[in-house]
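Novice: sequence and computational prediction follow.
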Amino acid sequence: MIENFEQLKKAACKGEGKKLVVADAAGKSVIEALKQAHDMGMISPLLVGDKAKIEPLLEEVSLNEAQIVHETDPNAIAAKSISLIRDGEGDMLMKGKLSTPILMKAVLDKEKGLRKGKLLSHTAIMGVEGYPKLLIVTDGGIVINPDLAEKASILNNAYDVAKGLGIDTPRVACLAAIEKITDKQPETLHAVQLTKMAERHQLQPMIVEGPIAADVLLSEDAAKAKGIETDMTLNADIALVPNIAVGNVMVKSLIYLAGAKVAGLVMGASCPIVLLSRSDTAEIKLLSIAAGCLTSSI
Amino acid sequence: MKTLSEIIELARELPGRKVSLAGADEEDALIALEKARSGGLADGVLVGDKDKIAQVANKIDVDLSNYEIVHEGNPKNFCKTAVSLVNEGKADVFMKGLVSTADFMRAVLDKKVGLLSGGLLSHLAIFEIPSYHKLLAVTDAAININPSLGEKVKIIANSVSVLHKLGVENPKVACVCAVEKVNPGKMPCTEDAAILAGMNKTGIIKGCMVDGPLGLDNAINADAAKIKKIESEVAGDADLVIFPEIVSANVMYKSLSYLNLAPCAAIVVGTSAPVVLTSRADSEKVKFSSLALGIASS
């Protein structure tokens, strides 16, 4: 089982290297991340985009082994990238300079896209001091205000990531502001419903508990003081947040206040999608590629 | 408990109980009460027109010197007079005789002399099913049409308090739906059932063990639960089945009753004292058992 990012990187370097399709690689920071991942043996890059723009960038970092598939029109880049995955030429997908909506539209295309699960969701794998293992926080990036069925899909998507980390039966904590069930806070209802769905084998194999407040997730003392008996304290593999705002604030707070490291993946398509933001550091980019490598064989 | 006779025995053991019969000039009700009195279960107060009561008593050979009679000339006042005896603590159980159900229930609900306890009224029927290994309680076949989640919590509490009085310490409560899986958005009763199970787990619903959703098959049949891989202490061993709405509970009640599959005892609960309201179509055994249940739970 992978418990920290060092182990994650190491595990991603084993094997022969995943074929990473990059949709529009004509960006300096993208190429730099690819160079690093490539040199560590994680990936062999397959770059879709304008050859004239990509080649000089490759030369700059002396990444000579990358293969280029020449396309210039954004929609054509998206379509080509996806067909490479569909044809088995690539194991995972990464968004380069291409705009997110164009890529997502192509991914979600019913006939030619990469649909697998019921919905796409975002998972943030967090490594933060004080938490003894990696914590998958979902969904702080895609699904705005998921209903019960959508949360079930979000958990099934997160399961694939946990599996990539070598966890057979992940523990899921459904976060809320309180541990009591009240219809005034619908996420507390969803939490017990998801618990039951896991018990009835309606989800991938996982142990679900909730509602749990973040203090009980993160502190033995808090759990003890509140008198809550749970197996989740400092032990959950997945934290399900009620909505995008909570997830987003949680992930960014951990990054910017607690110095957390993070790897982000979009899950629910037929392969993991690395979708980075411009503000992501080189390390986040590398870790996300590494996480994609481990998840792509699930 | 396996048989209704055990409820009758239990009622016999409780000393000094008194039943207030509204409209005592009804044969069936008086027969049931006489059986209870002569069997040592309770004494009776007969409320109604004393001449008419004497006529009926004479016909069925009941010695009225064994009873307290409260003469009331105006039939409109039978119920109020009878219920106020219970309200004032002069009797322990309120029973319907020759009065309309509407008048009878109006008296129960009367703010001054009635039996309101601040809770929700619900119907509870306890069946002796030969093929089941214990008595099976069913709710709510008669009062709450389409209970909300909060009302279901109260219906469970009402029923559980009766089962406690019958000596079932930690009754197993099955929230029955058509399926045992949570079906988000499409079958709201399955969502409620999962929440009720969660409320029990987190201590909001106490004194019992709740699971749901369960199909009726896996609620009362251990093999059916096993085949469907349901891990639940309630499955196959339910003491109480709560149905999602009145129709399913009523069909269950009437199937068991009118296909002659099982005799039952039924009362109205959630009141400050048990209310026995049998229907003319009920057999003598059901009427007597219901009265015994009322006495036993008083």
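Specialist: Good, I have the coordinates.
Novice: shaky segments in chain B?
Specialist: Residue ranges of chain B with pLDDT under 70: none are present.
Novice: just want the residue of it that's nearest chain A.
Specialist: residue B:198 (2.4 Å; C-beta to the nearest C-beta). Where you see a C-beta, it was placed from the backbone N, CA and C, and this is true even at glycine.
Novice: contacting residues for that residue?
Specialist: Contacts for residue B:198 (C-beta atoms under 8 Å, 6 or more residues apart in numbering or on different chains) come out as A:181, A:189, A:191, A:192, A:193, A:195, A:196.
Novice: can you pull the buried residues of the helix or strand containing it?
Specialist: Residue B:198 belongs to helix B:188-201 when elements are defined using DSSP states H and E. Buried positions in helix B:188-201, judged by neighbour count with 16 or more other C-beta atoms under 10 Å in any protein chain shown: B:189-201.
Novice: between which two of these is the distance greatest?
Specialist: By the measure C-beta to C-beta, B:189 and B:201 form the most distant pair in these, at 18.7 Å.
Novice: what residues does chain B have near chain A?
Specialist: Taking C-beta under 8 Å from any C-beta of the partner chain as the contact definition, chain B meets chain A at B:149-150, B:180-182, B:184-185, B:191, B:193-195, B:197-199, B:201-202, B:204, B:212-213, B:229-232.
Novice: can you do 10 Å?
Specialist: Proximity of chain B to chain A, by C-beta under 10 Å from any C-beta of the partner chain, involves residues B:148-150, B:179-186, B:190-205, B:211-214, B:228-232.
Novice: contact partners for the closest residue to residue B:92 other than its chain neighbours?
Specialist: Distances taken as C-beta to C-beta, 6 or more residues apart in numbering or on different chains put residue B:298 closest to residue B:92, at 4.1 Å, once the chain neighbours are dropped. The contact partners of residue B:298, by C-beta atoms under 10 Å, 6 or more residues apart in numbering or on different chains, come to B:11, B:14, B:17-19, B:42, B:86, B:91-94, B:165, B:267, B:273-274.
Novice: show me where the stretch 1-150 of chain B has its strands.
Specialist: Secondary structure of the stretch 1-150 of chain B (DSSP state E, counting those that start in this stretch): strands at B:18-22, B:43-48, B:68-71, B:93-96, B:122-127, B:136-139.
Novice: which strands and helices sit next to the second one?
Specialist: With contacts defined as 3 or more C-beta pairs under 10 Å, 6 or more residues apart in numbering or on different chains; DSSP states H and E, the secondary structure elements packing on strand B:43-48 are strand B:18-22, helix B:27-38, helix B:50-59, strand B:68-71, helix B:78-87, strand B:93-96.
Novice: of all these, which one is nearest residue A:1?
Specialist: strand B:93-96 (62.5 Å).
Novice: what pairs with that closest one, parallel or antiparallel?
Specialist: Paired neighbours of strand B:93-96 in the sheet (DSSP bridges): strand B:18-22 (parallel), strand B:275-276 (parallel).
Novice: got the contact list for the shortest one?
Specialist: So that's strand B:275-276. Strand B:275-276 is touched from outside by B:19, B:21, B:29, B:32-33, B:83, B:86, B:93-96, B:104-105, B:107-108, B:115, B:121, B:123, B:265-269, B:287, B:290-295, with contacts defined as C-beta under 10 Å, 6+ apart.
Novice: next secondary structure after that strand?
Specialist: In N-to-C order, the element after strand B:275-276 by DSSP H and E is helix B:284-296.
Novice: what segments of chain A are strands?
Specialist: A:18-23, A:43-49, A:67-70, A:92-95, A:121-127, A:135-138, A:171-175, A:207-212, A:238-240, A:261-267, A:273-274 (DSSP state E).
Novice: and for the shortest one, what's in contact with it?
Specialist: Spelled out, it's strand A:273-274. Strand A:273-274 has contacts (C-beta under 10 Å, 6+ apart) with A:20-23, A:33, A:37, A:85, A:92-96, A:103-104, A:107, A:114, A:120, A:122, A:263-267, A:285, A:287-293, A:295.
Novice: same thing but at 6 Å, please
Specialist: The contact list for strand A:273-274 (C-beta atoms under 6 Å, 6 or more residues apart in numbering or on different chains) reads A:93, A:94, A:266, A:288, A:289, A:292.
Novice: out of these, which comes closest to chain B?
Specialist: Distances from chain B to the contacts of strand A:273-274, taken by C-beta to the nearest C-beta, are shortest for residue A:266, at 22.6 Å.
Novice: hang on, the earlier thing: redo the contacts of strand A:273-274 as a markdown table? Include neighbour count and distance to chain B.
Specialist: Shown next, in a markdown table, are these (neighbours: other C-beta atoms under 10 Å in any protein chain shown; distance: C-beta to the nearest C-beta, whole Å):
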| residue | neighbour count | distance to chain B |
| --- | --- | --- |
| A:93 | 29 | 29 |
| A:94 | 31 | 33 |
| A:266 | 25 | 23 |
| A:288 | 25 | 31 |
| A:289 | 30 | 34 |
| A:292 | 31 | 30 |
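Novice: could you dump those residues to CSV with pLDDT?
Specialist: Formatted as CSV, the contacts of strand A:273-274 follow (pLDDT from 0 to 100):
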residue, pLDDT
A:93, 97
A:94, 96
A:266, 97
A:288, 96
A:289, 96
A:292, 96
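Novice: what parts of chain A come near chain B?
Specialist: Chain A comes close to chain B at residues A:148, A:149, A:181, A:189, A:192, A:193, A:196, A:197, A:200, A:202, as judged by C-beta under 6 Å from any C-beta of the partner chain.
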